[in-house]
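> Can you look at this prediction? I've put the sequence above it.
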Amino acid sequence: MQDFTRRALLQGGTALAATGALTGPALFEFAKAWAAESPWKAEPGAKLTVMRWKRFVPAEDDAFNAMVAAFKAATGTEMNVFSESFEDVQPKASVAANTGSGLDLAWGLHTLPQLFPTKVIKMNDVADYLGKKYGGWTDAAAITCKKDGDWLGIPVATVGGYLTYRKSAVEKAGFKQVPSDFPAYLELCKALKKNNTPAGFALGHATGDANAWVHNILWGYNGWTVDKDDKVIINSPETAKALEYAKALSDTFIPGVASWNDSSNNKAFLSGELYLTSNGISIYIAAKDDATKKDLADDIDHALWPVGPIGKPTELQLAVPILAFNFTKYPNAAKAFVAFMLEKENFDKWLTGARGYLTHTLNAYDASPVWTADPKNAVFGQASKRALPASGIGTPGEKAATAIADFIVVDMFANYCTGAKDLKGAMSEAERQLKRIYRG
Amino acid sequence: MADVALAQRNAKSQVREASAWSQLKHNRNWLGFWFMVPAMAFLIFFLAYPLGLGIWLSFTDTRIGRVGHFIATENYEWLWDDAIFWLSVFNTLLYTFLASAIKFAIGLYLALLLNEHMPFKALLRAAVLIPFIVPTVLSALAFWWIFDSQFSIISWSLKHLGLISQNINFLGDTTWARVCVIFANIWRGVPFVAITLLAGLQTVSPSLYEAATLDGATRWQNFRYITYPLLTPIIAVVMTFSVLFTFTDFQLIWAMTRGGPVNATHLMATLSYQRAIIAGQLGEGAAISSAMIPFLLAAIMVSWFGLQRRKWQQGESND
């Protein structure tokens, strides 16, 4: 399968070729046997409309489509799958929830199922079945999808974001690897700047990259936007410490980070101007796929986020949960499909197709071949284990998602790091904005 | 006798009712109204309804995909002491004022130049329109690259000329970022002003200049006492449109800075989009959009009342 994936990628992964090959007899046999034994029998004549986010890599899409085709062949369920860009998934799912039609399954971001707890099918049986079979769910995944003990959706995967760095630069700076504590990490960045091989982390409105590193520091200092009762507690001595640290760190950055969006650091890194940054695995994949960048790809490695004074990993990772609406006429087919996706025979191949973009949320997939196929992938395998839900210690859901989408924490850090506001000003502005979002 | 009187009154009122209906059908004034109904329906459906809906939304806590409840002016109250909102208002006014003023100056200058007789006149006039023809998002992306913090062609050139040692932080520095987006807006908006003013210039009769020249008027006097007064109605219209377009600009900013760095280039339109669509709070986004209406109305009023005045239309002291 590994072989095929690579070849399909080279061919441009045309859907026809991909489906033809991947729905080989083996996959179909498995699907048939699975359907016969599955606790969820698809309703006769079932039809499912599935909305998913638009894939990063063609191979991931191919593996997904192969799975869909096998499920269709084995259960006789008519499958209609379409993709939407990241920003459009949630609004469209909301409209479907509102009107009670149009979609059976929606695969989206963050805490999508928490947005309409009364409109989804409870997935407790699916979650139990998969959890028992595959070593349990990670904490972050479970919190993201659960409300009052019920599973509102199934956390299919997590899109991991970690440190991408140049080995040669870090070694030249006098470090064997990227340090795992905040003070040494700062020293590394200072040394990188001195050697003219700077680090750089986005401080602009970069949804993924900017949120990742500022939350790592904020939470690492035990600073939170809201407490467990959703009371706004951003204006705190802990936040102040996090801001001071981030300011010192940002003084070592390559100039221009305040204007960066999610693609800026990819460009700068691939052109050899940037030596340490936060990103998904895409920089490495791009270097690996470009024959002229072989040296760069060899020099790239990944590292976990450093751990702050709080003493445990504090990482914001992007969860991608799937939900089934309760107005679907075929709840069993929907459940069967979700369970089928996460079975080992499918999921391993799928993870391999995703090339490290997607990380499992079921512990047993720690042993999935993708994490060992390339040792540089391994770091991303821990994304869901080390993640905290996007809400931090607060309630996962709409308000937490709004705060992230509105760049409240990013702007607070950017305000202080760029000198646009002083410490108090930056914190009280964020506090004011959070109160606006968490009011009522 | 009483019966007769009653019957008569009844008969009269019947006649009157019938005539009211037939009046609706046959009266010329009403006929005019009926002919206007389709156009009115069109305007109400496509203009008044969305506007009304937007204003209504701003008084609710609607989120994307979910019906909201009426919360009176709560959104506005929260905006009232929201520093980011006021920053966006300031940015919008600054952006509109500077960009419009410079667009007018350059546009007028270009129009005067293009009005002269010169070789390849038609070709040059067409070329001026190019920035206006390019889709905004495309030109915004081009500017985004030109002002990129790492790959800016300007920084690159200056570095190779030895004039600077480090890249200019175009979109990462608050002042630079404002300058850059205003520059991009000017680049894009000048052709509209220039070509429209040129059209105005063409309507000025050459005989006026001839007469003035015979009287010994200088070029400056030609401009000041002939061109400028005759051009004022066009200027009023052009500048109204220019101000409206600039005030409601969205694409340029969104493609270049997304309102950054630290909200220094967030306009009311982009902030509204961020809060309403990206963050899902439709009600609050609608409130920010609605807050633009008074400013836009003011701009329209200025030109409207200006256009009514003969002084504006026909020049000096002719109220």
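Thanks, I have it. Residues are numbered from 1 along each chain as shown, chains lettered A, B, ... in the order given.

> Quick check: the gap between B:Gly68 and chain A.
According to CB to the nearest CB, to the nearest Å, B:Gly68 and chain A sit 12 Å apart. Quick note: C-beta positions are derived from backbone N, CA and C, even for glycine.

> quick one, what contacts that residue?
The neighbours of B:Gly68, taking CB atoms under 8 Å, 6 or more residues apart in numbering or on different chains as the test, are B:57, B:60-62, B:282-283.

> Restricted to helices, list these.
B:57, B:282-283 (DSSP state H).

> so which strand or helix has A:Pro113?
helix A:112-115 (DSSP states H and E).

> again with A:Leu130
helix A:124-133.

> Give me the next element, helix or strand, following that helix.
Criterion used, DSSP H and E; the element after helix A:124-133 is helix A:139-145.

> May I see the buried residues of that following helix?
The neighbour-count check on helix A:139-145 (16 or more other CB atoms under 10 Å in any protein chain shown) flags A:140-145 as buried.

> is it possible to export these to CSV including distance to A:Val50 and pLDDT?
Output for those, formatted as CSV (distance: CB to CB, whole Å; pLDDT from 0 to 100):
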residue, distance to A:Val50, pLDDT
A:Ala140, 24, 91
A:Ala141, 20, 91
A:Ala142, 23, 92
A:Ile143, 25, 91
A:Thr144, 20, 89
A:Cys145, 17, 91
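
> Neighbours of residue 100, how many?
Since no chain was named, I'll use chain A. 11 (other CB atoms under 10 Å in any protein chain shown).

> wait, I meant chain B there
Neighbours of B:Ser100 (other CB under 10 Å): 25.

> That one looks like it's in a strand, true?
No: going by DSSP: H, G, I helix; E, B strand; the rest coil, the assignment for B:Ser100 is helix, not a strand.

> So it sits against B:Phe241, correct?
No: with contact defined as CB atoms under 8 Å, B:Ser100 does not count as touching B:Phe241 (10.1 Å).

> Out of the contacts of B:Gly68, the closest to A:Lys193 would be?
Distance to A:Lys193 across those (CB to CB) is lowest for B:Leu282, with 43.6 Å.

> Poorly predicted segments of chain A, please.
A:1-24, A:440 (pLDDT under 70).

> phi, psi of the closest residue in space to A:Phe86 that isn't next to it in sequence?
Of all residues beyond its chain neighbours, the one nearest A:Phe86 is A:Trp53 (5.5 Å), with distances taken as CB to CB, 6 or more residues apart in numbering or on different chains. When quoted as degrees, to the nearest 10, the phi and psi of A:Trp53 stand at phi -80, psi 160.

> how much space is there between A:Trp53 and A:Leu362?
20 Å (CB to CB, to the nearest Å).

> what about those two, which has more around it?
A:Leu362 (25 against 19).

> what residue lies at the spatial centre of the chain?
Using chain A here. By CA atoms, centre = their mean, chain A has its centre lying nearest to A:Val159, at 2.3 Å.

> right idea, wrong chain: chain B
Note: chain B centre (CA atoms, centre = their mean) maps to B:Leu244, 1.5 Å.

> circling back to that earlier point, got the buried residues of helix A:139-145 as CSV, with distance to chain B columns?
Formatted as CSV, the buried residues of helix A:139-145 follow (distance: CB to the nearest CB, whole Å):
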residue, distance to chain B
A:Ala140, 22
A:Ala141, 23
A:Ala142, 24
A:Ile143, 21
A:Thr144, 17
A:Cys145, 19
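
> and residue 26, how many residues sit next to it?
By default, I'm working from chain A. Neighbours of A:Ala26 (other CB under 10 Å): 12.

> hm, I was asking about chain B
10.

> Now do the contacts for it.
Contacts of B:His26 by CB under 8 Å, 6+ apart: none found.

> roughly how far apart are it and A:Gln317?
74 Å.

> go on, A:Thr352?
20 Å.

> circling back to that earlier point, verify the stated contact: the residue nearest to A:Phe86 with A:Glu87.
No: the criterion here is CB under 8 Å, and A:Trp53 misses it with A:Glu87 at 9.6 Å.

> Between A:Thr352 and A:Gln317, which has more neighbouring residues?
Per other CB under 10 Å, whichever of A:Thr352 and A:Gln317 has more neighbours is A:Gln317, with 29 against 23.

> The more buried one contacts A:Val159, doesn't it?
Yes: counting by CB under 8 Å, A:Gln317 does reach A:Val159; the two are 7.0 Å apart.

> what's the closest residue to the residue nearest to the centre of chain A other than its chain neighbours sitting at in phi/psi?
The shortest distance from A:Val159 to any non-neighbouring residue, by CB to CB, 6+ apart, is to A:Leu318 (4.2 Å). Backbone geometry at A:Leu318, expressed as degrees, to the nearest 10, gives phi -90, psi 110.

> who's in contact with A:Leu318?
Taking CB under 8 Å, 6+ apart as the test, what A:Leu318 contacts is A:109-110, A:158-159, A:161, A:208.

> ok, now how distant is it from A:Gly161?
Taking CB to CB, one finds A:Leu318 at 7 Å from A:Gly161.

> what is in contact with those two at once?
A:Gly208.

> How many residues are close by A:Arg439?
So A:Arg439, with other CB under 10 Å, has 11 neighbours.

> is it true that it touches B:Ile71?
No: assessed by CB under 8 Å, A:Arg439 is found out of contact with B:Ile71, at 10.2 Å.

> what about the residue of the stretch 1-150 of chain A found nearest chain B, how many neighbours?
In the stretch 1-150 of chain A, the residue that lies nearest chain B is A:Ser94 (2.2 Å; CB to the nearest CB). A:Ser94 is flanked by 21 other residues according to other CB under 10 Å.

> got a list of what it touches?
Taking CB under 8 Å, 6+ apart as the definition, contacts of A:Ser94 comprise A:115-116, B:63-66, B:280.

> cool, and A:Gly135?
Counting by CB under 8 Å, 6+ apart, A:Gly135 has contacts A:362-364, A:366.

> just those now: which is nearest chain B?
Out of the contacts of A:Gly135, the member with the shortest distance to chain B (by CB to the nearest CB) is A:Leu362, at 29.7 Å.

> For my notes, confirm A:Gly223 occurs in a strand.
No: using three-state DSSP, the assignment for A:Gly223 is coil, not a strand.

> ok, of the contacts of A:Ser94, which come out buried?
So, by 16+ other CB under 10 Å, the buried ones in those are A:115-116, B:63-66, B:280.

> Need the CA coordinates for stretch A:215-225. PDB is fine.
Output in PDB follows, covering the C-alpha atoms of stretch A:215-225 (Å, rounded to 0.1, in the frame of the first residue of the first chain):
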ATOM      1  CA  HIS A 215      -1.100  28.900  23.600                       C
ATOM      2  CA  ASN A 216       1.800  26.700  24.300                       C
ATOM      3  CA  ILE A 217       3.400  29.600  26.300                       C
ATOM      4  CA  LEU A 218       0.200  30.900  27.800                       C
ATOM      5  CA  TRP A 219      -0.900  27.500  29.100                       C
ATOM      6  CA  GLY A 220       2.700  26.600  30.000                       C
ATOM      7  CA  TYR A 221       2.700  29.400  32.500                       C
ATOM      8  CA  ASN A 222      -0.700  28.200  33.800                       C
ATOM      9  CA  GLY A 223      -2.400  31.200  32.200                       C
ATOM     10  CA  TRP A 224      -5.900  30.600  30.800                       C
ATOM     11  CA  THR A 225      -8.600  32.500  29.000                       C
END
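
> Could you check it against chain B for contacts?
No: figure legend: stretch A:215-225 not in contact with chain B (CB under 8 Å from any CB of the partner chain); closest approach 14.0 Å.

> which residues does the closest residue to A:Val214 other than its chain neighbours contact?
Spatial nearest neighbour of A:Val214, excluding adjacent residues (CB to CB, 6+ apart): A:Phe413 at 4.4 Å. When contacts are counted by CB under 8 Å, 6+ apart, A:Phe413 is found next to A:203, A:214, A:217-218, A:243, A:246, A:426.
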